[in-house]
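Undergrad: sequence and predicted structure below; questions after.
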Amino acid sequence: MEEINEQTEATVTAEEEVFTKAQVDELMEKERADFEIKLKEAEKLAQMDAQQKADYRKKQAEDALRERELAVSKRELMADAIDRLTEYKLPKSLVHCVNLTSPEEYEKSIEGLKSAFSEAVTLAVNERIRGAAPKLAVTGGKDAFLDGLFE
């Protein structure tokens, strides 16, 4: 019986999450900030009449819808950007360099990224092809072969 209790206690302590005082304070501060926001919202609504409340809630719903539409649009542009980068044989990690605020900005940034990357690759290839300048031989010592030619 004692073994079972020890196992149960060990299991309970292994599953418990331990927080430091700083973590608890941080969680409490977040909760307090959320509560204050909700309290201000409730006070604001309490001072409004029925028509004002309806207008206010309608505006909030429209704002939330607009935010969701922007998020969906951004995800669609990001997916399209990954496809375009793959099509141009560019690294997918460059997707974070693409401006996704609007379709026009997206087009500008993807084309600018394509041309800048191509230009950088061309410069690097040309630099590598060119190679190092040939080294000149320093003739400070005696060379038996050359000495015999000029005598």
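TA: Right, received. Where do you want to start?

Undergrad: show me the strands in this protein, by range?
TA: Counting by DSSP state E, one finds no strands in the chain.

Undergrad: okay, which residue is most central for it?
TA: Nearest to the mean C-alpha position of the chain, by Cα atoms, centre = their mean, lies His96 at 5.8 Å.

Undergrad: so which bits of stretch 97-112 are buried?
TA: Of the residues in stretch 97-112, 98-100, 106, 109-110 count as buried by neighbour count, 16 or more other Cβ atoms under 10 Å. Every residue, glycine included, has its C-beta placed from N, CA and C.

Undergrad: nearest to Met78, of these?
TA: Closest to Met78 out of the buried residues of stretch 97-112 is Leu100 (6.0 Å), distances taken as Cβ to Cβ.

Undergrad: give me the distance between the residue nearest to the centre of the chain and Glu87.
TA: His96 sits 18 Å away from Glu87, going by Cβ to Cβ, to the nearest Å.

Undergrad: from the buried residues of stretch 97-112, which ones fall inside helices?
TA: In this view, these that belong to helices under DSSP state H are 106, 109-110.

Undergrad: dihedrals phi and psi, Asn99?
TA: Backbone torsions for Asn99, taken as degrees, to the nearest 10, come to phi -80, psi 120.

Undergrad: that one reaches Glu107, doesn't it?
TA: No - using Cβ atoms under 8 Å, Asn99 makes no contact with Glu107, being 9.4 Å away.
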